[in-house]
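Undergrad: Here you go, sequence then predicted model.
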Amino acid sequence: MAPAGQISSPEGQKSSHTPLNERILSSMTRKSDAAHPWHDLEIGPGAPIIFNCVVEISRGSKVKYELDKKTGLIKVDRILYSSVVYPHNYGFIPRTLCEDSDPMDVLVIMQGEKDDKIIAVCADDPEYRHYTDIKELPPHRLMEIRRFFEDYKKNENKEVAVDDFLPAKEAYDAIERSMTLYSDYIVESLRR
């Protein structure tokens, strides 16, 4: 078998082709029609109350995917060490930025550095769309969500502090702050 990045001919001769990783990286510098999910997707005209989100991780997954901010690719970050799985779809809100330098996280309910998480309902889901505030969710659902965030990094010897669940108004304010941070970030990036 050829080492990673090299192609062997049937006779075992090394090919003169550029290694795959170099070809991929080289292609990223060329103009392409591919959209970057963080920068090119709209947050939506109803933000911060109704917004678009990018789902990186499906409900029930043990695989933690994360946006590669440079390329826009969704890549495997790690496999959760403990027996927990993501209780709902999980991702981020485009065109937002938090104090941890990542887009605003969102946990979508449907059939240190500050790292806010927004708990949202899918506007098109008939089972959940009528919820407008966290206090309307069943207490057991909130306990499951809290427990997930307390446990999902435990076996990596990382501690996660889960503060109180705040009302919808606080979530809207957090999204607006992250939209402003993102705008400032982009303007500063363009100045460089």
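TA: Sure, I can see it. For clarity, every value in this text was computed on a predicted model and none was experimentally measured.

Undergrad: Which strand or helix spans residue 147?
TA: Residue 147 is located in helix 139-151, with elements delineated by DSSP states H and E.

Undergrad: mean confidence for that helix?
TA: Here helix 139-151 scores 90 as its mean pLDDT.

Undergrad: Distance check, residue 81 against residue 42.
TA: 36 Å (Cβ to Cβ, to the nearest Å). C-beta here means a position set from N, CA and C on the backbone, and glycine is covered the same way.

Undergrad: err, residue 152, not the other one
TA: Going from residue 152 to residue 42 by Cβ to Cβ gives 30 Å.

Undergrad: Of those two, give the one with the bigger neighbour count.
TA: Remark: of residue 152 and residue 42, residue 152 carries more neighbours, 20 against 10, as counted by other Cβ atoms under 10 Å.

Undergrad: show me what contacts that one?
TA: Contact partners of residue 152, counting by Cβ atoms under 8 Å, 6 or more residues apart in numbering, are 80, 82, 84, 86, 160.

Undergrad: Same list (these) but as CSV, adding secondary structure and distance to residue 192.
TA: Shown next, in CSV, are the contacts of residue 152 (DSSP: H, G, I helix; E, B strand; the rest coil; distance: Cβ to Cβ, whole Å):
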residue, secondary structure, distance to residue 192
80, coil, 36
82, coil, 40
84, coil, 40
86, coil, 36
160, coil, 33
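
Undergrad: are any of these buried, and which?
TA: Neighbour-count burial (16 or more other Cβ atoms under 10 Å) is assigned, among the contacts of residue 152, to 80, 84, 86.

Undergrad: and the second one, how far is that from residue 156?
TA: Counting by Cβ to Cβ, the gap from residue 84 to residue 156 is 12 Å.

Undergrad: With the first one instead?
TA: Distance check for residue 80 against residue 156: by Cβ to Cβ, it reads 8 Å.

Undergrad: would you list the contacts of residue 152 in CSV and tack on distance to residue 98 and pLDDT?
TA: Formatted as CSV, the contacts of residue 152 follow (distance: Cβ to Cβ, whole Å; pLDDT from 0 to 100):
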residue, distance to residue 98, pLDDT
80, 21, 89
82, 24, 82
84, 23, 89
86, 19, 94
160, 15, 79
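
Undergrad: and these, which two are the farthest apart?
TA: The span of these, defined through Cβ to Cβ, is set by 86 and 160 at 14.0 Å.

Undergrad: average model confidence for stretch 88-105?
TA: The pLDDT scores in stretch 88-105 average 94.

Undergrad: err, stretch 42-58, not the other one
TA: Taken as a whole, stretch 42-58 has a mean pLDDT of 94.

Undergrad: Next, the buried residues of that stretch.
TA: Across stretch 42-58, burial judged by 16+ other Cβ under 10 Å covers 43-44, 47-48, 51-53, 55-57.
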